[in-house]
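structure here, sequence nowhere to be found:
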Ligand SMILES: NC(=O)c1ccc[n+]([C@@H]2O[C@H](COP(=O)([O-])OP(=O)(O)OC[C@H]3O[C@@H](n4cnc5c(N)ncnc54)[C@H](O)[C@@H]3O)[C@@H](O)[C@H]2O)c1
């Protein structure tokens, strides 16, 4: 596509190099939620630079307009659709805006999310509700309408946003739970959409965004804390663009992640570990379960959390 210099949009040469993603999205219409800031803004700009027409969503109008202006200044195509994705009807209208503007929806990046740090022993109802509503309900609401359209079209790619926190991480009881739900939804939707031409995957990013500022405030109030050094959002967008593009046409139901170190990984799915055990008397009593675990299945007990703490963590 013809592009004005990205510099006109305040994009640095480093950003420009990062946006050379080696994929052509020029025939695709893509919705990005939470595209006003951070990762969403970087994904929106990168997708547009790769040729996609982008529906830029955010609950906050100003950053959404800024992102769309940057896309247009760079010669890309963008429309702004301000919506709160936690409101089911607004999420539906967001997807319908894409269908109305571009006649189809090739991609949905469920990126909008919140992270409100807290300990599991002092969870606040308002924080828990907000986290689950944006991260889980918002993702499902946008996906519901998009999957309906994609199933009828017989093509489309959904890119959800999970987090390493789903594996168990301090200060993130509700956030981790919400991202676990997003991963589980990803697996289920991929299974249900199998054979329809529609793919559902997730990314697990690591980026220096304002989300880290919230963690900063929480941690600093609790004493010593070294802010981690994370890659910029632009270093993450290759995952999103790969999953939106035809390069990944054989990939569905997967979580692709980027570690803080910059290493790329694929996360495992929850699965039943082998060997299983048979009940000695036909029915599993509590005592029989205790014996089966201590005498064999103990080897299957999993390391704990994102940091893979070793079992047993409780002295017996
Ligand atoms: N930054 C990281 O290292 C990291 C790591 C793992 C996962 N994630 C996930 O990546 C996604 C983006 O995070 P970020 O770091 O760019 O955060 P961010 O706060 O910079 O951006 C999130 C955007 O979502 C928007 N948003 C919030 N609620 C919304 C709603 N109800 N409707 C529409 N838009 C809404 C916000 O206005 C904001 O512009 C989130 O889902 C987050 O959980 C981030």
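Right, received. Where do you want to start? Not measured: the values here are computed from a predicted model. Residues are numbered from 1 along each chain as shown.

quick check: residues of the stretch 51-200 of the chain near the ligand?
When proximity is defined by CB under 6 Å from any ligand atom, the stretch 51-200 of the chain lies next to the ligand at 57-60, 63, 84-86, 111-115, 134, 138, 161, 163. Heads up, the C-betas are built off the backbone N, CA and C, glycines and all.

whichever of these end up buried, select them in PyMOL.
Buried residues within those, by 16 or more other CB atoms under 10 Å, are selected in PyMOL with:
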select buried, resi 57+58+59+63+84+85+86+111+112+113+114+115+134+138+161+163
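
so residue 82 touches residue 59, yeah?
Yes. Using CB atoms under 8 Å, residue 82 is in contact with residue 59, at 7.0 Å.

in the longest helix along the chain, what's buried?
Ranked by residue count, the top helix of the chain under DSSP state H comes out as helix 173-192. For helix 173-192, the neighbour count (16+ other CB under 10 Å) marks 173-183, 185-187, 189-190 as buried.

could I get the full set of helices for the stretch 101-250 of the chain?
Along the stretch 101-250 of the chain, the segments classed as helices by DSSP state H, counting those that start in this stretch run 125-132, 138-153, 173-192, 210-220, 237-244.

how about those helices in a markdown table, adding mean pLDDT?
Shown next, in a markdown table, are the helices of the stretch 101-250 of the chain (pLDDT from 0 to 100):
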| stretch | mean pLDDT |
| --- | --- |
| helix 125-132 | 98 |
| helix 138-153 | 98 |
| helix 173-192 | 98 |
| helix 210-220 | 88 |
| helix 237-244 | 98 |
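
residue 288: which of these is closest?
Taking CB to CB, helix 173-192 is the member of the helices of the stretch 101-250 of the chain nearest to residue 288, at 29.6 Å.

hmm, who's touching that closest one?
110, 113, 115-120, 123, 127-128, 131-132, 135-136, 139-140, 143, 147, 158, 160-163, 165-169, 199-202, 252-255, 267, 269-270 (CB atoms under 8 Å, 6 or more residues apart in numbering).

give me the buried subset of these.
110, 113, 115-118, 127-128, 131-132, 135-136, 139-140, 143, 147, 158, 160-163, 165-169, 199-202, 252-255.

just the ones of these in strands?
In strands, defined here by DSSP state E, the members of those are 110, 158, 160, 161, 199, 200, 201, 202, 255.

now do the longest helix of the chain: distance to the chain's middle.
Once both centres are worked out by CA atoms, centre = their mean, to the nearest Å, helix 173-192 turns out to sit 10 Å from its chain's centre.

kindly report the same for stretch 104-112.
11 Å.

quick check, pLDDT for the residue of the stretch 51-200 of the chain found nearest the ligand.
Residue nearest to the ligand within the stretch 51-200 of the chain: residue 113 (2.2 Å; CB to the nearest ligand atom). Listed pLDDT for residue 113 reads 98.

now do the contacts for it.
34, 134, 135, 161, 178, 211.

excluding chain neighbours, what is closest to it?
Distances taken as CB to CB, 6 or more residues apart in numbering place residue 135 nearest to residue 113, at 4.9 Å, with adjacent residues excluded.

number of residues surrounding residue 301?
Residues near residue 301, counting by other CB atoms under 10 Å, number 12.

and if you look at residue 67?
Applying other CB under 10 Å, I find that residue 67 has 28 neighbouring residues.

isn't it right next to residue 41, touching?
Yes. Counting by CB under 8 Å, residue 67 does reach residue 41; the two are 4.6 Å apart.

mutual contacts of these two, please.
In contact with both residue 67 and residue 41: residue 35, using CB under 8 Å, 6+ apart.

quick one, what contacts whichever residue of the stretch 201-316 of the chain sits closest to the ligand?
Nearest to the ligand, among the residues of the stretch 201-316 of the chain, is residue 209, at 3.3 Å (CB to the nearest ligand atom). Under the criterion of CB under 8 Å, 6+ apart, the neighbours of residue 209 are 37, 38, 39, 233.

the second one: what's its closest spatial neighbour, skipping adjacent residues?
Same thing as residue 38. Closest to residue 38 by CB to CB, 6+ apart is residue 209, at 3.4 Å.

the stretch 201-316 of the chain against the ligand: which residues are in contact?
205, 206, 207, 209, 210, 211, 230.

which of those are buried, as a ChimeraX select command?
To isolate the buried subset of those in ChimeraX, counting by 16+ other CB under 10 Å, use the following:
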select :205,206,207,209,211,230
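
what residue is smack in the middle of the protein?
residue 161 (0.4 Å; CA atoms, centre = their mean).

how close does it get to residue 255?
Using CB to CB, to the nearest Å, residue 161 is found at 10 Å from residue 255.

quick check: neighbours shared by the two?
In contact with both residue 161 and residue 255: 202, 203, 204, using CB under 8 Å, 6+ apart.
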